Every structure is written in C-alpha cells, then in structure tokens.
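Visitor: need the 3D shape of this:
(2 chains)
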Amino acid sequence: KNQVEQSPQSLIILEGKNCTLQCNYTVSPFSNLRWYKQDTGRGPVSLTIMTFSENTKSNGRYTATLDADTKQSSLHITASQLSDSASYICVVSAYGGSQGNLIFGKGTKLSVKP
Amino acid sequence: DVKVTQSSRYLVKRTGEKVFLECVQDMDHENMFWYRQDPGLGLRLIYFSYDVKMKEKGDIPEGYSVSREKKERFSLILESASTNQTSMYLCASSLLGGSYEQYFGPGTRLTVT
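Guide: Numbers count the residues shown, from 1 in each chain, chains lettered A, B, ... in the order given. The predicted structure follows:
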C-alpha cells in the first residue's frame, strides 16, 4: 500500500535555530516528491519538488533532500523565523494511474517561539 | 503568478441543505482538484477533473458531486449536507500530467450544523 509517513508530528523550536523534518515513503513506482508549507487556515504552498535523479533542492532557507534508495526525504530549515510556524506536508507522486495519484503525509506542525 | 480562488472562506450550512463550493483558476490549467482536510487525517482527494465535463472519483467521493462546465471553474456540490462533512475544503489546479506542481486555493471552512 502506498504510504507517506512524516515525523515528528509536531515540533517546537526557538527562533534562529535550525530544524529537520522527516518523510518516509513506500510509493511505487516513484515519480516525484514535494514539500508544501501550510499556514494555519490557508492552502498549502509549494516549497520544492524533486524527481528521482535529484537528491538536494533549496528554496531560500529551506533545503530538501531525497534518498531514493532508502525512500526517505528531509526538509531542513535554517535560521528559523517566526513566520516559519506552519504545517509542512510531504507529498509523493506515483507514475501511472490517474493524475490524482498523489499520496499525502499528515504533516509536521512546526512552532517557532521567540 | 498562478491564482486559485475559492468562493467563500467560511460557510455555515444546515443539515440537508444543498451546498455549492466554487473554485476558479486563472492559469489555463487542465487539471483541477477538490480535497478535504481534517485534523489527523491530512488531505484526502474527493474528485478531480482533467478536462471540461470530465471527472474522476478520488478516495472519498461519497456524498459529493462535481461540475466542470468551463476550463477555469470547478464546482463541488454537497447534495444534502451532513454534519460529518464539516471540514476544510481545498481546491487545486495543475497542468496536465502527474509530475506538475499543484497550486492550492485558500480553502473554504465549511461547518454543517
């Protein structure tokens, strides 16, 4: 069964600190992996999208890594800011099937405290 | 910039009412999607459409229907709202194909009393 598991469920860090969020997946055949940021009460916004051949992708202070062999991804946030407080959702797309075939993780809720 | 808009941010309806949620995108995307998001369950796909008048069921289509009469507009219909349909509803759009980014609207928080 295709699944995406994220950890931790929630995380509290102090402003200025770094943190890493994890995503493990069992999706086959793998097409791409996406990280989204969702502010409370808003729709998700894309941070990165990575295909099989990419193992690192950055978007400002956000850096995503992908290990297709171990089926793991991480999202590293550098020098956190209060505005980073949000839920971060890992989404994996599988080849074939319908175009709605995205498997969503349940998200990690990050709180950045001053 | 891609823009996906939803007709309401907040909506309160009574049990048994017919509810229409509308979504409009301005980037000429072929694909449009409706999701619901509940605490602890993440996003779940209700329906999606890859062309005008074309639709496919997602993971949880029961109790919902959709309509796509124009390329830019995708409507979600709750024929007879029930309390278990209280949720955040998110619309998204993307280019045709499974490897393109989905752009989400701001969401509609629906409460059915």
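
Visitor: list the strands paired with the host helix or strand of residue B:20, with their directions.
Guide: Taking DSSP states H and E as the criterion, residue B:20 maps to strand B:19-25. Using DSSP bridges, strand B:19-25 pairs in its sheet with strand B:4-6 (antiparallel), strand B:73-78 (antiparallel).

Visitor: in CSV: these, plus mean pLDDT and mean neighbour count.
Guide: From N, CA and C alone the C-beta is placed, and that goes for glycine too. What follows is the strands paired with strand B:19-25, written out as CSV (pLDDT from 0 to 100; neighbours: other C-beta atoms under 10 Å in any protein chain shown):
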stretch, mean pLDDT, mean neighbour count
strand B:4-6, 96, 19
strand B:73-78, 97, 20
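
Visitor: let's have those in a markdown table, adding distance to residue B:15.
Guide: Below are those laid out as a markdown table (distance: least, C-beta to C-beta, whole Å):
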| stretch | distance to residue B:15 |
| --- | --- |
| strand B:4-6 | 22 |
| strand B:73-78 | 11 |
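
Visitor: quick check: residues of chain B near chain A?
Guide: B:4, B:31, B:33, B:40-45, B:48, B:50, B:56, B:58, B:90, B:92, B:96-99, B:101-107, B:109 (C-beta under 8 Å from any C-beta of the partner chain).

Visitor: burial count for the closest residue to residue B:46 other than its chain neighbours?
Guide: In this structure, residue B:46 finds its nearest non-sequential neighbour in residue B:34, 4.5 Å apart by C-beta to C-beta, 6 or more residues apart in numbering or on different chains. A total of 25 residues lie near residue B:34 under the criterion other C-beta atoms under 10 Å in any protein chain shown.

Visitor: direction included, what does the helix or strand harbouring residue B:34 pair against?
Guide: Residue B:34 belongs to strand B:31-38 when elements are defined using DSSP H and E. Take DSSP bridges as the rule and strand B:31-38 pairs in its sheet with strand B:42-51 (antiparallel), strand B:87-94 (antiparallel).

Visitor: what's the least confident stretch among those?
Guide: Confidence, taken as mean pLDDT, is least for strand B:42-51 of the strands paired with strand B:31-38 (a mean of 92).

Visitor: which helices and strands does the very next helix or strand once past that one pack with?
Guide: Using DSSP H and E, the helix or strand that follows strand B:42-51 in sequence is strand B:54-57. Here strand B:54-57 touches strand B:42-51, strand B:64-70, going by 3 or more C-beta pairs under 8 Å, 6 or more residues apart in numbering or on different chains; DSSP states H and E.
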